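Asks: need coordinates for the following:
(one chain, ligands or ions: 1)
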Amino acid sequence: MKRMIASIAAALALSIASADAQSYPTRPVTVIVPFAAGGPTDIVARIVSDYLSKTLGQQFIVENVAGAGGTTGTTRLTQATPDGYTLMMGHMGTHGAAPALYPNLKYDPTKDFEPIGLVAGTPIIIVARKDFPAANLQEFIARAKNTGEKLSQAHAGVGSVSFTTCTLLTAQLGVKHHRVVAYRGTGPALNDMVGGQVDYMCDQIVNLVEQIKGNAIKAYAIATEKRSPALPDVPTTKEAGLPDYQVSAWNALFAPKGTPKDILAKLNETYVKALDDEATRKRLLDLGSVLPDKAGRTPEALATLVKSEVARWAPILKTTPAQ
Ligand code: ASP
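Replies: Reported below is the predicted structural model:
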């Protein structure tokens, strides 16, 4: 009898959960972006949120919770009710590099989240203000190494992608004398670079394509094996004479730990459709995103990526003194 009651209760709980997932979402969903509006994480989040809103019939609203290189917004997600109504767009910094740089980090990227899916690979480009007096990467390197000159480098806070990837660059060049300027995201950093207030930055391609094409900034090199179809004129670091500087970032969707499995499955299924949707794909590809193939779109693939990124960045950042 007891066993029968238990199994009826379990069946009931299951059917309530799947009924929840069937009707989900019944109200707006918040998508935390842990950086300022207008930057790459924000751009990618808004593209995906547009599709999710249209397809699931409720607004997916981006909320920018910037600070501490993205770790403030990420911590906020871990404190949210795991009911599918708060999600986040994380990235290689928040879910890869941060543990190596924040000894008191309040979350573990490998344990405290439900991965939904990798949205976009985002190659890194070395860019500078348009009137920066260096015509190509080699001239830029010469100026960067010149200790008589103190270049200013923009980034989105300790642990951000721009911070970690430019830390890697300056370490490879042996440069220690730059002035770093922290922003709440690389959207505002880029605005200042267009205005000529900062000299250079390493950032995710999706933030940069329009400004590079419009000659509002200079692009020295893309840190990938091959040129990007979105920016065919920008040489690779290999072509530009810095072959060892190879680095890419990514953006991905996460939910808080404990979000019901059926809701996670629905979110994954819908985000996969977003990546196959012609208009959404085009928006992401035109900005230089590298879209994951079928195998790279599962929650398991994202969990594996997060683990490998945490392991990859720890030794690099521990031995690379931040400026
Ligand atoms: N790309 C930025 C970073 O450096 C963050 C942003 O999306 O604004 O991490």
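
Asks: so which residues make contact with stretch 298-318?
Replies: With contact meaning Cβ atoms under 8 Å, 6 or more residues apart in numbering, stretch 298-318 is reached by 92, 95-97, 99-101, 109-110, 113-118, 164, 167-168, 250, 252, 264, 268, 292, 295. For the C-beta atoms, the positions are set from N, CA and C on the backbone; glycine is no exception.

Asks: do it and the ligand meet at all?
Replies: No. Using Cβ under 6 Å from any ligand atom, stretch 298-318 stays clear of the ligand, coming no nearer than 12.8 Å.

Asks: re the thing from before, narrow the contacts of stretch 298-318 to those in strands?
Replies: Among the contacts of stretch 298-318, DSSP state E puts Phe113, Glu114, Pro115, Ile116, Gly117, Leu118, Trp250, Ala252 in strands.

Asks: which one of these sits closest to Gly39?
Replies: Closest approach between these and Gly39, by Cβ to Cβ: Trp250, at 14.6 Å.

Asks: per-residue confidence at Gly315?
Replies: Quick fix: residue 315 is Pro, not Gly. Looking at Pro315, its pLDDT is 88.

Asks: now swap in Ile43 and tell me
Replies: Model confidence at Ile43, given as pLDDT, is 98.

Asks: what about it, which SS state?
Replies: Under DSSP: H, G, I helix; E, B strand; the rest coil, the three-state class of Ile43 is helix.

Asks: which residues touch it?
Replies: Ile43 touches Val206, Asn207, Leu287, counting by Cβ under 8 Å, 6+ apart.

Asks: need these in a markdown table with pLDDT, can you?
Replies: What follows is these, written out as a markdown table (pLDDT from 0 to 100):
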| residue | pLDDT |
| --- | --- |
| Val206 | 98 |
| Asn207 | 97 |
| Leu287 | 98 |
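
Asks: got the residues of this structure near the ligand?
Replies: Proximity of the chain to the ligand, by Cβ under 6 Å from any ligand atom, involves residues 35, 39-41, 93, 156, 160-162, 185-187, 203-204.

Asks: return the subset of these lying in helices.
Replies: Pro40, Thr41, Val161, Ser162, Thr186, Gly187 (DSSP state H).

Asks: so who does whichever residue of the stretch 1-150 of the chain sits closest to the ligand touch?
Replies: In the stretch 1-150 of the chain, the residue that lies nearest the ligand is Gly39 (2.5 Å; Cβ to the nearest ligand atom). Residues near Gly39 by Cβ under 8 Å, 6+ apart: Ala156, Gly185, Thr186, Gly187, Pro188, Ala189, Leu190, Asn207.

Asks: correct me if wrong: the first one contacts Val180.
Replies: The one in question is Ala156. No. In this structure, Ala156 is not within contact of Val180 by Cβ atoms under 8 Å, at 11.1 Å.

Asks: name the member of the ones in helices among the residues of the chain next to the ligand with the most neighbours.
Replies: Within those, most neighbours by other Cβ atoms under 10 Å means Thr41, with 37 neighbours.

Asks: my guess is that residue contacts Ala249. True?
Replies: No. Thr41 lies out of contact with Ala249 (Cβ under 8 Å); the separation is 9.7 Å.

Asks: distance of Leu287 from the ligand?
Replies: Per Cβ to the nearest ligand atom, to the nearest Å, Leu287 is found 12 Å from the ligand.

Asks: and that residue, how far from Ala189?
Replies: Going from Leu287 to Ala189 by Cβ to Cβ, to the nearest Å gives 17 Å.

Asks: could you do Arg281 as well?
Replies: 27 Å.

Asks: the more surrounded of those two?
Replies: With neighbours defined as other Cβ under 10 Å, Arg281 and Ala189 compare such that Ala189 has more, 28 against 15.

Asks: from the contact counts, what lies against the helix or strand in which that one is found?
Replies: Using DSSP states H and E, Ala189 sits in helix 186-194. Judged by 3 or more Cβ pairs under 8 Å, 6 or more residues apart in numbering; DSSP states H and E, helix 186-194 is in contact with helix 40-56, strand 113-129, strand 152-155, helix 161-173, strand 200-204, strand 217-222.

Asks: of the ones you listed, which stretch is the most buried?
Replies: strand 200-204 (a mean of 29; mean count of other Cβ atoms under 10 Å).

Asks: give me the average confidence score over the very next helix or strand once past that one.
Replies: Going down the chain from strand 200-204, the next helix or strand is helix 209-213, by DSSP H and E. On average, the pLDDT along helix 209-213 is 98.

Asks: what's across from Phe60 in the sheet?
Replies: With DSSP bridges as the criterion, Phe60 is bridged to Val29.

Asks: return the helix or strand in the protein with minimum mean pLDDT.
Replies: helix 2-23 (a mean of 59; mean pLDDT, DSSP states H and E).

Asks: next, count neighbours for Thr259.
Replies: So Thr259, with other Cβ under 10 Å, has 22 neighbours.

Asks: surely it touches Gly84?
Replies: Yes. If you go by Cβ under 8 Å, Thr259 and Gly84 touch, sitting 5.6 Å apart.
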